[in-house]
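Visitor: just a sequence and a predicted model for now, questions to come.
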Amino acid sequence: MKVTVYNCREFDEKELFLKYGKELGIELLLCPDAPHMENAALAKGSTCIDIITSPMPAELLKAFADVGVKYVTTRTIGYDHIDVKAAKELGLTVANAPYGPYGVADYAVMLILMTIRKMKRIIERTNIQDYSLKGIQGRELKDLTVGVIGTGRIGQRVLENLTGFGCKRIAYDLYENDQVKASGVPYVTLDEMWQSADVITLHAPLTDDNYHMINEQAIAKMKDGVMLVNTARGGLIDSAALIDGIESGKIGGAGLDVVENEFGLYYYDHKSDILNNRELAILRGFPNVTVTHHMAFYTDDYVVTVVRDSLLGCKCFMEGRENPWEV
Ligand code: NAI
């Protein structure tokens with residue numbers, strides 16, 4: 001029973017792979033590199049490969065099928081990086097490893113609080129021993145209306161998290177959820193959301209229909225000083241419109257765990273590089289915009305879950321048992 005693990009991170013995943021591999025009786029080959037045509041042969045003798053977000057086009061999947069791989073699991077919720085149709089045609093089974101919504105939901109609330117309390121400015125000041133007060137007066141959540149867009153697993157958890165703060169909560173989703181309604185949160189139209197929310201937090205997937213849902217027109221309808229938090233996908237917000245909104249003062253602040261065109265930048269050390277993402281450079285420079293590198297998910301619980309469950313799925317597959325992680 002052998003699994004080849006690609007992109008195995010030394011600093012957080014390796015120890016867990018060794019632990020769960022031993023517990024589950026799975027022989028592991030741990031490779032720090034992303035899977036590609038040149039290292040696909042490493043998986044010869046493995047029934048399964050365990051990957052992260054690197055693209056798995058048909059050609060690469062075929063290279064793995066050719067060396068005898070039968071199962072591809074990804075240590076992520078999303079599996080859009082895998083050509084699932086091609087995998088099926090090649091006789092490969094695909095699986096994922098979903099983790100809980102708590103980490104991202106906590107993080108969204110943290111960004112909401114950081115934004116309304118001007119935490120970026122506060123931290124920058126204390127770092128240089130500027131202990132003045134002017135310009136860092138915050139707002140209290142109890143006085144604000146928070147709008148949640150997307151009331152799936154994460155959005156619902158954010159709404160629950162917010163109950164203790166005494167703010168007014170409103171929601172928007174393409175499909176209204178009965179539990180959300182029963183908890184006293186009204187669904188509103190997007191126009192109503194723009195008109196009444198002081199803080200808007202995004203928890204919808206990016207689709208063809210909602211690309212740039214927060215654009216110049218939407219921002220124009222929002223309350224003056226509105227604050228935006230995005231832990232969903234960068235493409236939901238038109239970065240140029242966001243920059244205009246910050247510069248004009250229409251938008252009072254933003255907390256962005258995701259930005260447009262982040263692929264290839266995030267998770268790498270680019271300290272010495274000239275980056276080709278002007279919007280990111282501008283947004284990062286504003287004192288009222290907190291930018292983090294798409295890591296709301298990154299908690300101890302997340303790492304344990306994806307390592308353990310990706311291997312559990314491999315074991316189920318190899319033993320011919322029912323496998324809840326198959327997609
Ligand atoms: P989910 O699938 O449980 O919920 C998504 C919700 O969004 C659903 O209720 C759906 O009906 C709704 N929705 C779909 N299209 C919409 C639209 N156009 N307008 C309004 N609502 C719409 O997904 P989950 O687990 O809650 O995750 C939400 C998003 O969070 C993911 O799609 C992903 O983009 C992002 N995410 C970000 C992470 C991070 O580290 N920053 C980690 C995990 C997810």
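Guide: Yep, it's here.

Visitor: tally of neighbours for Gly285?
Guide: 9 (other CB atoms under 10 Å). Yep, even glycine has a C-beta here, placed from its N, CA and C like the rest.

Visitor: show the contacting residues for it.
Guide: Counting by CB atoms under 8 Å, 6 or more residues apart in numbering, Gly285 makes contact with nothing.

Visitor: what's the answer for Ala204, then?
Guide: Ile149, Gly150, Gly152, Gly155, Asp173, Asn210, Met213, Ala232, Leu236 are the contacts of Ala204 under CB under 8 Å, 6+ apart.

Visitor: per-residue confidence for the nearest residue to the third one once chain neighbours are set aside?
Guide: Take Gly152 and drop its neighbours on the chain: the residue closest to it by CB to CB, 6 or more residues apart in numbering is His203, 6.6 Å away. According to the per-residue confidence, His203 scores 98 in pLDDT.

Visitor: do I have it right that His203 meets Ile154?
Guide: Yes. With contact defined as CB atoms under 8 Å, His203 counts as touching Ile154 (4.7 Å).

Visitor: anything in contact with each of those two?
Guide: Ala108, Thr231.

Visitor: mind listing what the residue in the chain that the ligand sits nearest to touches?
Guide: Residue of the chain nearest the ligand, by CB to the nearest ligand atom: Gly152 (1.6 Å). Contact analysis of Gly152 by CB under 8 Å, 6+ apart lists Asp173, His203, Ala204.

Visitor: the first one contacts Gln156, doesn't it?
Guide: The reference is to Asp173. No. With contact defined as CB under 8 Å, Asp173 does not reach Gln156; the gap is 9.8 Å.

Visitor: which of these two has more neighbours?
Guide: Shown here are Asp173 and Gln156; by other CB under 10 Å, Gln156 has more neighbours (22 against 17).

Visitor: doesn't that one fall inside a helix?
Guide: Yes. Under DSSP: H, G, I helix; E, B strand; the rest coil, Gln156 falls within a helix.

Visitor: could you find the closest non-adjacent residue to it?
Guide: Closest to Gln156 by CB to CB, 6+ apart is Val180, at 6.2 Å.

Visitor: give me the pLDDT value at that neighbour.
Guide: 98.

Visitor: same question for the one 4 residues further on.
Guide: According to the prediction, Gly184 has pLDDT 97.

Visitor: residues near it, how many?
Guide: 9.
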